[in-house]
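> Sequence and predicted model, in that order:
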Amino acid sequence: MRHKPLRGLLIYTAGDAARNRWFIDELRKAAEPEGIDLRLCISEETTLPEIAEMQPELVINRSRIAEISAFCEEMLHIRVYNSACVTAVTNDKWETHRFLRAHGLPTADTELIAQRGVYPEMPLPLVAKPTDGHGGAGVEWVGDADALERILREKPLPFLLQKPMRTGWDVRIYMLGGKIYRAMLRTSAGLRSNFSLGGSAAPCQPDADMCALADAVQRVLPLDFAGIDLLRHPEGGYVIGEIEDAVGCRMLYQAGGCDPVRDCLHYIAEAEHERRA
């Protein structure tokens, strides 16, 4: 029987660590009763060899840096939550679109703008967003030719142009351990429904189509703890908007009825015990 705690690393960027101090403290507190000694590691301050010297037995990577996860998986042969594959795919919105389309899953029609002077083939209106944004940052409505000209001239490259879905409405499905954990309906009066940007959020019961899409994503991209954002297509049905790797939990705590930090750490502990059984 193992008596020493498992050595775990919790990896954040410096900026995200400063913004998420409460969440980090909760993760570390929840890890202790699960037999995990969870140490905070700032990605900008730690090299890969230094990570190896710490001899972690598991990693929770919320830095969105896939290279860290790949190093831990391939060189240290330890489990990373989420995996390097998940982090690489989900933190590049163009790669997410390509990956999902390659597996036959529905997404909004999307074009990558990687150089100046390239005009989209899709008709206006469109939505512009950075390839590496999260939390709704950098999303803009492109409603007319003047707006398109400005976006094509000024927006940092690369970025995406997408056919708009129903605005101000989405459902975030939280996945934990391969199963639907919670679903939250997010609404707003504007383009972006993100809770962090002032949108409202309430628990909802996902319908059969939502559940089928979440399960389909899980089959091709196994998620430990992540969020799948579903948008409503103007012609009916749903498309997958984004998959959030380092998914936020503030609206879950505000809604109440669950403790995602506790449940996530319990899942990780159970997975690690099974690996060692």
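Structure's in. What do you need?
> how about the strands of the stretch 1-150 of the chain, start to end?
6-12, 36-42, 58-61, 79-81, 110-113, 126-130, 140-142 (DSSP state E, counting those that start in this stretch).
> in the stretch 101-250 of the chain, which spans are helices?
Applying DSSP state H, counting those that start in this stretch to the stretch 101-250 of the chain gives helices spanning 145-154, 208-220, 250-255.
> returning to that earlier point: please convert the strands of the stretch 1-150 of the chain to CSV, extending it with distance to residue 210.
For the C-beta atoms, the positions are set from N, CA and C on the backbone; glycine is no exception. What follows is those, written out as CSV (distance: least, C-beta to C-beta, whole Å):
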stretch, distance to residue 210
strand 6-12, 30
strand 36-42, 32
strand 58-61, 27
strand 79-81, 24
strand 110-113, 21
strand 126-130, 21
strand 140-142, 25
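> Out of those, which gets nearest to residue 266?
strand 36-42 (10.3 Å; C-beta to C-beta).
> For that closest one, list every residue counted as buried.
With burial defined by 16 or more other C-beta atoms under 10 Å, the residues of strand 36-42 counted as buried are 36, 38, 41.
> what angle do it and strand 6-12 make?
Using axes from the mean of the first three to the mean of the last three C-alpha atoms, to 10 degrees, the direction of strand 36-42 lies 30 degrees away from that of strand 6-12.
> distance of residue 127 from residue 231?
Counting by C-beta to C-beta, to the nearest Å, the gap from residue 127 to residue 231 is 10 Å.
> higher neighbour count, those two?
The neighbour comparison of residue 127 against residue 231 (other C-beta atoms under 10 Å) goes to residue 231, with 23 against 20.
> from what I can see the more buried one touches residue 237, true?
No. Judged on C-beta atoms under 8 Å, residue 231 makes no contact with residue 237 at a distance of 10.0 Å.
> where do the contact lists of the two overlap?
Common neighbours of residue 231 and residue 237, using C-beta atoms under 8 Å, 6 or more residues apart in numbering, do not exist here.
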